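okay, sequence plus prediction incoming.
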Amino acid sequence: MMDLTAILGMGYDSLLDASVDKSPDEVVVTKDDQTFYIVSQSNHEQTLASLGYKIVVNTGE
């Protein structure tokens, strides 16, 4: 099994905090609408999307 913590990194309890911390080329994802993670677009496409994570803040936002 892959180590999701290496991909997800630190979780945020606040979508606003995650949105402020991310860089323009990153996305914010969540699986439960309670914890948010800043990840690269490619990590979402290659791994996280198939595990049920959805993008809540897109690149450039």
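Done, it's in.

quick one, phi/psi of Val27?
phi -120, psi 160 (degrees, to the nearest 10).

please name the bridge partners of it.
Assessed by DSSP bridges, Val27 has beta-bridge partners Val39.

select the longest helix from the chain.
Scanning the chain for the longest helix, with DSSP state H as the assignment, gives helix 15-21.

and it, what does it pack onto?
strand 26-30, strand 36-40, strand 54-57 (3 or more CB pairs under 8 Å, 6 or more residues apart in numbering; DSSP states H and E). From N, CA and C alone the C-beta is placed, and that goes for glycine too.

could you dump those strands to a markdown table with distance to Gln46 and mean pLDDT?
As requested, the helices and strands packed on helix 15-21 are exported to a markdown table (distance: least, CB to CB, whole Å; pLDDT from 0 to 100):
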| stretch | distance to Gln46 | mean pLDDT |
| --- | --- | --- |
| strand 26-30 | 13 | 98 |
| strand 36-40 | 9 | 98 |
| strand 54-57 | 14 | 98 |
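
so for Tyr12, which of these sits nearest?
When the helices and strands packed on helix 15-21 are compared for distance to Tyr12 using CB to CB, the nearest one is strand 36-40, at 4.5 Å.

in the closest one, what's buried?
Under the neighbour-count criterion of 16 or more other CB atoms under 10 Å, strand 36-40 has 36-39 buried.

now do Asp33 against Ala18, distance only.
12 Å (CB to CB, to the nearest Å).

and what of Met10?
In terms of CB to CB, Met10 sits 9 Å off from Ala18.

which one of these two has more residues nearby?
Ala18 (23 against 11; other CB atoms under 10 Å).

right, and the more buried one touches Ile38 too?
Yes. Ala18 is within contact range of Ile38, at 5.7 Å (criterion: CB atoms under 8 Å).
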